[in-house]
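S.K.: Give the three-dimensional model of this entry:
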Amino acid sequence: MSGFDIFAIVLVLLVIVTLVAGVKTVPQGYDWTIERFGKYTQTLSPGLNLIVPYFDRVGRKINMMEQVIDIPEQEVITKDNATVTVDGVAFYQVFDAAKASYEVANLNQGITVLTMTNIRSVMGSMDLDQVLSHRDEINERLLRVVDAAVSPWGVKVNRIEIKDIVPPADLVEAMGRQMKAERVKRADILAAEGQRQSEILRAEGAKQGQILQAEGRREAAFRDAEARERSAEAEAKATQMVSEAIAKGDVAALNYFIADKYIKAFGQLADSPNQKVIMLPVEAMSMLGSLAGIGEIAKATFGESATTAARRGGSVPSSGPTPPFVPQQ
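M.R.: Next comes the predicted model:
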């Protein structure tokens, strides 16, 4: 093999090595920075890229996908001097490979330290109750502060989440007793409120019942007054008719009126529950005269048939005192 052949082979190998050194294939999800004599010159995007062989070299291979960092546990003192143990997680994504490569020495450590520091600042300004019940507010404040701090590094913090907030054991026990007392208080309040509503409903029912009873008594009184008024009107009319009959010289009407009153009064005495024997000095002729008056009125009113029917009803003794009335037992 001659010297020319050797030179040709070396030249071909040099060309192949040069081509390989000048062609770079960047995988999806990554950006590569290119340095020339140690200085940043450009960023290679995913795919096939060409660089100047022997002068340019790959500086940093930056992952452009969203990444997760675990925030280690740390103790935080709240505003009311309660000590809690807190850990979390942060999600970030690089949007500028050059800044992420040359603006910060250790990107993950920088984000972790910033997040831990701001967790102490944010939670230290809140009471324990707020820390335990306002996680969304804590996450939002942390995200806003940390994202603004890492923006010069070419990084976007998407989310920061507090995973666990662990108070001391004695504080957890005290919180349990407080929660139990609060629940007992709520139960007592609900029971008292239910009793109050029940008493109100019972009072309303009694009130409605009294109103209905009063309305019933009022209606009954109105009915009674109306009945008495009508009875009085009938009595007045009867008295007027008797007066007119007397004025006309009709004595039978007066006898009927007196006999009617007499019989009614006698019937009331007989119906009395306290009376066992009734002895009254009643003259038989007075009673007969009254009955005769009744017969005359009946004859004038109903005709001869009524008088005949009255005579068939029985015989009346002509003289002698009326025996005492003895009601049946």
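S.K.: so is A98 in a helix, a strand, or just coil?
M.R.: Here A98 is helix, with the state taken from DSSP: H, G, I helix; E, B strand; the rest coil.
S.K.: In this protein, what helix or strand scores lowest on average pLDDT?
M.R.: None of the helices or strands of the chain scores lower by mean pLDDT, DSSP states H and E than helix 304-312, at a mean of 43.
S.K.: can you give me the helices in the stretch 1-150 of the chain?
M.R.: With DSSP state H, counting those that start in this stretch as the criterion, the stretch 1-150 of the chain has helices at 3-22, 97-102, 107-124, 128-133, 135-150.
S.K.: Low-confidence bits of the stretch 1-150 of the chain, can you list those?
M.R.: The model of the stretch 1-150 of the chain has pLDDT under 70 over residues 1.
S.K.: returning to that earlier point: with R186 as the reference, name the closest of the helices of the stretch 1-150 of the chain.
M.R.: Relative to R186, the nearest member of these by C-beta to C-beta is helix 128-133, separated by 17.5 Å. (Glycine included, C-beta is placed from N, CA and C.)
S.K.: Now do that closest one: everything it contacts.
M.R.: 78, 80, 82, 84, 123, 137-138, 165, 167, 171 (C-beta atoms under 8 Å, 6 or more residues apart in numbering).
S.K.: Of those residues, which belong to strands?
M.R.: 84, 165 (DSSP state E).
S.K.: Need the winner for burial among the helices of the stretch 1-150 of the chain.
M.R.: Ranked by mean neighbour count, the helices of the stretch 1-150 of the chain are led by helix 97-102 with a mean of 20 (mean count of other C-beta atoms under 10 Å).
S.K.: Which residue is the nearest non-sequential neighbour of M123?
M.R.: Once flanking residues are discounted, M123 sits nearest to V76: 4.8 Å by C-beta to C-beta, 6 or more residues apart in numbering.
S.K.: So which residues of the chain form strands?
M.R.: Going by DSSP E, the chain shows strands at 23-26, 30-36, 39-44, 47-50, 56-63, 67-77, 83-94, 155-166.
S.K.: returning to what we had before: give me the buried subset of the contacts of helix 128-133.
M.R.: Burial by neighbour count, 16 or more other C-beta atoms under 10 Å: within these this picks out 78, 82, 84, 123, 138, 165, 167.
S.K.: Across the sheet, point out what pairs with the third one.
M.R.: Beta-bridge partners of V84, counted by DSSP bridges, are V76.
S.K.: is it true that it touches Q74?
M.R.: No: contact criterion C-beta atoms under 8 Å: V84 and Q74 do not qualify, at 9.8 Å.
S.K.: picking up where we left off before, so which of the buried ones among the contacts of helix 128-133 comes closest to T25?
M.R.: Taking the buried ones among the contacts of helix 128-133 together and measuring to T25 by C-beta to C-beta, the closest member is I138, at 44.0 Å.
S.K.: That closest one and V145 touch, don't they?
M.R.: No: using C-beta under 8 Å, I138 is not in contact with V145; the gap is 11.0 Å.
S.K.: So for the two, which residues contact both of them?
M.R.: Taking C-beta under 8 Å, 6+ apart as the criterion, I138 and V145 both touch V122.
S.K.: With distance to Q178 added, can I get the buried ones among the contacts of helix 128-133 in JSON lines?
M.R.: Output for the buried ones among the contacts of helix 128-133, formatted as JSON lines (distance: C-beta to C-beta, whole Å):
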{"residue": "T78", "distance to Q178": "16"}
{"residue": "A82", "distance to Q178": "13"}
{"residue": "V84", "distance to Q178": "16"}
{"residue": "M123", "distance to Q178": "21"}
{"residue": "I138", "distance to Q178": "22"}
{"residue": "I165", "distance to Q178": "17"}
{"residue": "P167", "distance to Q178": "12"}
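S.K.: Name the nearest of those residues relative to R57.
M.R.: Ranked by distance to R57 (C-beta to C-beta), the buried ones among the contacts of helix 128-133 are led by I138 at 44.5 Å.
S.K.: How about the contacts made by that closest one?
M.R.: By C-beta under 8 Å, 6+ apart, the contact list for I138 reads 119, 122-123, 126, 131, 162.
S.K.: any idea which residue sits dead centre in this structure?
M.R.: Nearest residue to the geometric centre of the chain (C-alpha atoms, centre = their mean): L190, 12.7 Å.
S.K.: In contact with that one, which residues?
M.R.: With C-beta under 8 Å, 6+ apart, L190 has no contacts at all.
S.K.: just for the stretch 201-329 of the chain, where's the confidence low?
M.R.: 242, 246, 249-329.
S.K.: switch the cut-off to 80
M.R.: 231, 234-329 (pLDDT under 80).
S.K.: Just want the angle from the lengthiest helix in the chain to strand 155-166.
M.R.: Longest helix in the chain, counting residues (DSSP state H): helix 169-247. Here helix 169-247 points in a direction 80 degrees away from that of strand 155-166 (axes from the mean of the first three to the mean of the last three C-alpha atoms, to 10 degrees).
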